[in-house]
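Asks: prediction below, plus the sequence it came from.
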Amino acid sequence: MCGIVAYVGQQEALPIVIKGLKRLEYRGYDSAGVALMDQRGLSVYKKKGKVSQLEEHLATFGRVESSIGIGHTRWATHGEPNDSNAHPHYSASGNIAIIHNGIIENYEVLKKDLISKGYSFDSETDTEVLVKFIEDIFVNNPVSLEEALRLALHQVVGAYAIVLMNKEEPNTLIAARKGSPLVIGVGEDEYFLASDATPIIEYTNKVVYLDDYEIAVIRNNRLQIKTIQNVETNPYINKLEMELEAIEKGGYEHFMLKEIYEQPKSIEDCLRGRLDAKAGRLVLGGLRDYMNKFQNAERIIITACGTSWHAGLVAEYLFEEFARVPVEVEYASEFRYRNPVIGEKDFVIAISQSGETADTLAAIELAKSKGATIFGVCNVVGSSIPRATHAGSYTHAGPEIGVASTKAFTAQISVLAMMALKLGYQRGTLPQSRYMELLSELEAIPSKVEKALQANDAIKYISGEYKDVSNALYLGRGYNFPVALEGALKLKEISYIHAEGYPAAEMKHGPIALIDEEMPVIFIATQDSSYDKVVSNIQEVKARKGKIIAVVTEGDTTVREMADHVIEIPRTHEAFNPLVSVIPLQLLSYHIAVMRGCNVDQPRNLAKSVTVE
Ligand code: G6P
């Protein structure tokens with residue numbers, strides 16, 4: 001949540017910062033602002049709303065020139081979204097401007113102290129408190145600004161990625177991080193700072209990932225990094241693999257649609273180099289050093305949030321079926337606060353698209369402190385979770401920009417399926433012949449997803465029929481139960497229609513009361529081991545005049561006779577059904593949201609990267 005960008009170099013900073021903010025809007029879009037060193041001195045321009053509204057605001061000032069600048073796009077935590085709560089914030093003298101992603105938990109104590117010293121505040125934010133606190137140390141002690149920042153951070157509790165600009169040093173940016181991400185792009189005679197690499201990629205592929213408790217100073221075209229303990233460290237330059245096209249819409253109307261359509265390729269990218277069904281080869285590099293722990297684990301604990309948690313639920317079925325290991329799937333936010341029983345024999349899998357989710361990170365730290373082995377399944381390379389875990393496998397889905405997760409979900413399941421197959425095989429719970437058969441089936445998934453996407457026009461038609469409903473129910477059993485949850489989440493996130501996912505049989509214990517002729521019920525009714533039971537559940541809904549939309553295996557005739565609409569998907573092994581059955585549900589929510597005029601890529605109140613708890 002909240003995206004930050006900064007630039008210092010020879011070029012005009014403003015266009016670079018604005019473009020960067022647009023790339024980071026997925027992190028929040030309540031307000032946007034920039035600070036520049038222009039003809040007026042250190043100037044802050046900020047506005048409630050999206051970056052485009054900030055651009056309109058900036059246009060009223062004529063040309064603003066600056067070769068240094070910082071920018072921020074906000075997801076509100078402290079204080080409502082308005083102009084004064086927007087970042088950057090000035091210090092009391094107006095000489096320093098700050099941008100901040102994170103939360104300063106002890107800001108009230110600091111604020112009270114500053115108020116008693118005569119400070120006043122223009123906003124309700126914790127960030128304004130932080131910059132005033134830093135300046136208070138700076139003006140009352142004979143120290144540099146970075147030293148004042150360092151001293152201030154010793155007293156700050158919370159999470160932050162911050163960048164400071166100082167009027168007195170027009171070629172200097174000072175940044176620090178703890179808990180929120182910060183990437184530094186190293187160009188020729190120029191530096192870029194951002195919450196992730198997407199604003200940087202078109203200028204340089206050389207990046208330094210700032211670590212927690214590090215302070216970076218870019219002064220006169222030189223980067224210096226010190227720890228908060230004042231120990232200088234050597235910046236390690238990583239090479240970015242990301243391509244620019246991956247973060248552009250490429251002809252699609254929305255990122256979400258592009259990402260739905262990318263799934264045959266993103267799943268293939270995820271399997272590539274790891275799975276060779278013919279040769280019976282399955283290699284996950286990240287597991288190599290931890291295979292022993294994995295194989296001997298007494299229990300697998302999966303922790304995640306949102307869509308990643310749904311992928312975790314699918315994995316529970318996979319691990320238990322193939323490897324016969326007990327699995328618990330935990331919301332990271334609950335797990336971290338309920339004093340869970342964790343031991344050294346536990347193998348914890350943390351799933352996260354962004355690799356930055358605050359609750360998931362905290363759950364990892366907790367499990368680590370109890371001696372468990374932690375394995376990450378993440379998409380964003382170099383993000384915080386992969387760096388906090390003992391080992392992991394990237395999902396290689398490529399940048400996911402639409403706030404509603406789609407291709408990350410199928411890539412997560414693909415990695416988890418490979419892990420479950422590997423574990424089952426190694427533990428001897430999956431006989432060779434079945435193992436080989438499952439490897440082939442998994443390898444065939446990208447082409448089946450491709451086929452499932454061909455139902456798009458039919459799904460668009462169905463969407464038109466149901467776009468005005470107020471509620472929807474998603475039902476599935478077995479492997480398709482987590483898919484029902486995910487389908488409902490997709491619909492409510494982007495179309496604001498209330499939707500619930502349930503195990504189909506549980507319907508009788510409550511949701512059935514909601515069914516009338518207005519209520520669409522989306523069944524995932526593929527031909528698998530629970531098919532007959534689901535068919536009975538469909539009958540129960542039909543008897544109460546509910547409208548039935550069913551996702552079925554191609555060629556199904558039984559459900560076709562009962563349902564108002566059917567969407568066919570190719571047959572696969574039931575364990576891999578979620579990879580295919582989720583596709584029509586993603587498309588359904590996409591089309592309904594577009595027809596309702598919703599902002600599909602940036603739904604209200606949501607952010608893609610949730611770096612606050
Ligand atoms: C937010 C996003 C979801 C995502 C969840 C977990 O709520 O909008 O799409 O599933 O966070 O994020 P993660 O990056 O940890 O997968």
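Replies: That came in fine, so what should we check first? Just so it is clear, the model here is predicted, and its values are computed rather than measured.

Asks: residue contacts, the residue of the chain found nearest the ligand?
Replies: Among the residues of the chain, Gly306 lies closest to the ligand, at 2.7 Å counting by Cβ to the nearest ligand atom. C-beta coordinates here come from the backbone N, C-alpha and C atoms, glycine included. Listed by Cβ atoms under 8 Å, 6 or more residues apart in numbering, the contact partners of Gly306 are Thr357, Ser405, Leu489, Val610.

Asks: three-state assignment of the last one?
Replies: Secondary structure, DSSP: H, G, I helix; E, B strand; the rest coil: Val610 is coil.

Asks: apart from its chain neighbours, what residue comes closest to it?
Replies: Leaving aside its chain neighbours, Val610 sits nearest to Thr357 (5.2 Å; criterion: Cβ to Cβ, 6 or more residues apart in numbering).

Asks: my read: Pro326 touches Ile301, true?
Replies: No - with contact defined as Cβ atoms under 8 Å, Pro326 and Ile301 do not form a contacting pair (9.5 Å).

Asks: was I right about Leu257 contacting His591?
Replies: No - taking contacts as Cβ under 8 Å, Leu257 lies outside contact range of His591: 9.2 Å.

Asks: wait, is Leu473 part of a helix?
Replies: No - counting by three-state DSSP, Leu473 is not part of a helix but strand.

Asks: what score does it have for pLDDT?
Replies: Leu473 carries a pLDDT value of 97.

Asks: what about it, neighbour count?
Replies: Neighbours of Leu473 under the rule other Cβ atoms under 10 Å: 24.

Asks: partners of the closest residue to it other than its chain neighbours in the sheet?
Replies: Spatial nearest neighbour of Leu473, chain neighbours left out: Val521 (4.7 Å); criterion: Cβ to Cβ, 6+ apart. Beta-bridge partners recorded for Val521 (DSSP bridges): Leu473, Ile548.

Asks: thought Val521 was touching Arg544?
Replies: No - using Cβ under 8 Å, Val521 makes no contact with Arg544, being 9.4 Å away.

Asks: higher neighbour count, the two?
Replies: Counted by other Cβ under 10 Å, Val521 and Arg544 do not tie: Val521 has more neighbours, with 29 against 14.

Asks: test my guess that Ile592 contacts Lys467.
Replies: Yes - using Cβ under 8 Å, Ile592 is in contact with Lys467, at 5.0 Å.

Asks: find the residues that touch each one of those two.
Replies: Ser495.

Asks: and those two? Which one has more around it.
Replies: The neighbour comparison of Ile592 against Lys467 (other Cβ under 10 Å) goes to Ile592, with 27 against 16.

Asks: for the more buried one, what are its contacts?
Replies: For Ile592, the contact set (Cβ under 8 Å, 6+ apart) comprises Ser463, Tyr466, Lys467, Leu491, Ser495, Ile497.

Asks: buried set for the one helix or strand it maps to?
Replies: According to DSSP states H and E, Ile592 maps onto helix 577-595. Applying a neighbour-count criterion of 16 or more other Cβ atoms under 10 Å, one finds 577-594 buried in helix 577-595.

Asks: how far is it from where the chain is centred?
Replies: Taking Cα atoms, centre = their mean, to the nearest Å, one finds the center of helix 577-595 at 19 Å from the center of the full chain.

Asks: helix, strand, or coil at the residue lying closest to Asp122 once chain neighbours are set aside?
Replies: Of all residues not flanking Asp122 in the chain, Ser84 sits nearest, at 5.5 Å (Cβ to Cβ, 6+ apart). Here Ser84 is recorded as coil under three-state DSSP.

Asks: SS state for the residue in the chain sticking out farthest from the centre?
Replies: If you look at how far each residue of the chain sits from its centre, by Cα atoms, centre = their mean, the farthest one is Pro142, at 42.3 Å. Following three-state DSSP, the label given to Pro142 is coil.

Asks: so which residues of the stretch 301-450 of the chain form helices?
Replies: For the stretch 301-450 of the chain, the helices defined by DSSP state H, counting those that start in this stretch cover 306-323, 332-335, 358-369, 384-388, 407-427, 432-443, 445-453.

Asks: can you lay out the ones you listed as a markdown table showing mean pLDDT?
Replies: A markdown table is the format used below for those (pLDDT from 0 to 100):
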| stretch | mean pLDDT |
| --- | --- |
| helix 306-323 | 98 |
| helix 332-335 | 94 |
| helix 358-369 | 95 |
| helix 384-388 | 93 |
| helix 407-427 | 98 |
| helix 432-443 | 97 |
| helix 445-453 | 98 |
